[in-house]
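Colleague: requesting a structural model of the entry that follows:
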Amino acid sequence: MIAIGTFAALTYYVALHRFDEPHGSLFATLPPVRGALLVLSVFGFTLFIVAVLGYTRAPMAVFRHRAVQVHGIQQITRHPFFSGVALWAAAHALMAPSTVTFVFFFGAIVLSFVGGMHQDRRLIAELGEPYRAYVAATSFWPLVAVATKRQKIQWTEQPWIGYALGVLASLGLYQVHDHIFDHGGAYVIGVVSLGSIVAIVNSKVRATRRDKGISDV
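Modeller: Okay, the predicted model is just below:
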């Protein structure tokens, strides 16, 4: 609740001041670079969507911390939520039209990376060697574990529906991009807050079912 409230207050401030101290972005004016950053943004947002859809099955889900076998999206990144937000924010920071929006997106990069690393250390302390082995076999940044031969992508295990929904959601948001922070950021605050609460409640329900011996489907 503290995290949701802090995010809401920050988003509200950014929405009100996003046009203060405007400045041009060189990256936004170069079509090839802008195109590459848009692709990076879509990729990051897609990872974020997949992470949200599969949150309750993740080893770091609230109320359900556990070591799991590397599967699906985890072969690409063990932190699709954090790394997805970091990549999405990096693309936006490089195209930010004002100082306020640059600081907002740069802060999201730092928070995502530091948050992911802190979460790993905490789960290693809690779960021990099984989670340490999970960290060693995966990577925070997408495809790093694959590139270093610590992981191999099993294409049949990938959440293709989630990827498709992420791309479609990105395209949809692009159509209304200029209005996302309208009304004091109410749209962003509402979607993120509601999504977070639903994910937490769902994770709690599944944890309760597990404790009662009811298998997940």
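
Colleague: check which element follows the helix or strand of the chain with the lowest mean pLDDT along the chain.
Modeller: Among the secondary structure pieces of the chain, namely its helices and strands, helix 26-29 has the lowest mean (mean pLDDT, DSSP states H and E), a mean of 75. Toward the C-terminus, helix 26-29 is succeeded by helix 31-53 as the next helix or strand (DSSP states H and E).

Colleague: so for whichever helix or strand comes after that next one, mean pLDDT?
Modeller: Moving toward the C-terminus from helix 31-53, the first helix or strand encountered (DSSP H and E) is helix 80-94. Averaging pLDDT along helix 80-94 yields 95.

Colleague: repeat for stretch 17-25
Modeller: In the prediction, stretch 17-25 has an average pLDDT of 85.

Colleague: now for Tyr163, how many residues are close by?
Modeller: Taking other Cβ atoms under 10 Å as the neighbour definition, Tyr163 ends up with a count of 16. Where you see a C-beta, it was placed from the backbone N, CA and C, and this is true even at glycine.

Colleague: how close does it sit to Val192?
Modeller: Computed with Cβ to Cβ, to the nearest Å, the distance linking Tyr163 and Val192 is 21 Å.

Colleague: OK, contacts around the residue positioned nearest the centre of the chain?
Modeller: By Cα atoms, centre = their mean, the chain has its centre lying nearest to Phe81, at 2.6 Å. Each residue near Phe81 by Cβ atoms under 8 Å, 6 or more residues apart in numbering is listed here: 47-48, 51-52, 55.

Colleague: name the nearest of those residues relative to Asp20.
Modeller: The shortest gap between Asp20 and any of those belongs to Phe48, at 27.1 Å (Cβ to Cβ).

Colleague: any idea how many residues pack against the closest residue to the closest one other than its chain neighbours?
Modeller: The shortest distance from Phe48 to any residue that is not its chain neighbour, by Cβ to Cβ, 6 or more residues apart in numbering, is 3.7 Å, and that residue is Gly84. Per other Cβ under 10 Å, the neighbour tally for Gly84 reads 25.

Colleague: 32 is where my numbering starts, stick with that
Modeller: All set: I'll call the first residue 32, so the last point we hit is now Gly115.

Colleague: quick check, Gly115 in contact with Leu71.
Modeller: No: with contacts defined as Cβ atoms under 8 Å, Gly115 does not count as touching Leu71, sitting 10.7 Å away.

Colleague: any common contacting residues for these two?
Modeller: Both Gly115 and Leu71 lack any common contact, where contact means Cβ under 8 Å, 6+ apart.

Colleague: tell me the pLDDT at Val248?
Modeller: The predicted structure scores Val248 at 48 on the pLDDT scale.

Colleague: ok, Ser201 next?
Modeller: We note a pLDDT of 93 for Ser201 in this prediction.

Colleague: surely it and Gly75 touch.
Modeller: No: here Ser201 lies out of contact with Gly75, judged by Cβ under 8 Å, at a distance of 9.2 Å.

Colleague: and these two? which has more neighbours close in?
Modeller: Regarding Ser201 and Gly75, a neighbour count based on other Cβ under 10 Å identifies Gly75 as having more, with 25 against 20.

Colleague: now do the contacts for the more buried one.
Modeller: Under the criterion of Cβ under 8 Å, 6+ apart, the neighbours of Gly75 are 114-122.

Colleague: reformat those as TSV; add distance to Val45.
Modeller: Compiled in TSV, these are given as follows (distance: Cβ to Cβ, whole Å):
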residue	distance to Val45
Ser114	22
Gly115	20
Val116	15
Ala117	18
Leu118	19
Trp119	15
Ala120	12
Ala121	17
Ala122	17
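
Colleague: much appreciated, bye for now.
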